[in-house]
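> I need the structure of the sequence given here:
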Amino acid sequence: MLNIAVLVSGGGTNLQALLDSERRGENPNGRITLVVASKPDVYALERAANAGVKGVVVARKAYDSPAAFDAALLETLQAHRIDLVVLAGFLSVLGESVIAAYPNRIVNVHPALIPAFCGPGMYGLRPHSACLERGCKVTGATVHFVNEECDGGPILLQKAVEVLPTDTPETLQRRVMEEAEWKLLPQAVTMICNGEI
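Numbering: from 1, shown residues only. Here you go, the predicted structure:
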């Protein structure tokens, strides 16, 4: 049984998808035992509490350097015996020390079909806005392992989502979450916990 930490920065919709998947018995070899938020008072912490999962805050702004933040985050993960780290809308970039401690054991979900609309600064509505500006007919989501390159780790799963002529960045974001992110992320986590990846 792998202990899973989910790292969040906001509302926690991807966290909820993972919790729901676990509740349905879809990941028998993994269990979310910790939710780490990058700032206090985010709704994701309430989702964790509602599911009986411990929530902690490791705020980037509380540390005077990226290295100090990484050290605090790594200490938190190791203190809770975490085996797998899932980035679910986590807006802080992980440093080399954290990545080195969890080789091929940190996954991220990105709201685009990597290599399109990814890399530094491409989060939130930005990938969806960029997709619409380019006139794309298809977008989607990607789950990938995390390495030192932003959105550059090996791709695990992708799912395409149609772009509609009436889409705004907000409507496209919602559809990508519902049709791709909330399905792909639990699937990838289960595959890792089952030793399939």
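> contacts for stretch 82-90?
Contacts with stretch 82-90, where a contact means C-beta atoms under 8 Å, 6 or more residues apart in numbering, come from 2-15, 18, 30, 33-34, 38, 44, 77, 94, 98, 102, 105-109, 146, 185, 189, 192-193. For every residue, glycine as well, the C-beta is placed using N, CA and C.
> backbone phi and psi for Ile155, please?
Phi and psi for Ile155, reported as degrees, to the nearest 10, are phi -80, psi 130.
> tell me the secondary structure for the closest residue to it other than its chain neighbours?
Distance criterion C-beta to C-beta, 6 or more residues apart in numbering; nearest residue to Ile155, sequence neighbours excluded, is His144 at 4.8 Å. In three-state terms, and counting by DSSP: H, G, I helix; E, B strand; the rest coil, His144 is strand.
> His144: neighbour count?
Neighbourhood size, His144 [other C-beta atoms under 10 Å]: 22.
> separation between the residue most central in space within the chain and Phe117?
In the chain, the centroid-proximal residue (C-alpha atoms, centre = their mean) is Ala88; its distance is 2.3 Å. Distance, Ala88 to Phe117, by C-beta to C-beta, to the nearest Å: 19 Å.
> repeat for Ala44
For Ala44, the distance to Phe117 - C-beta to C-beta - is 24 Å.
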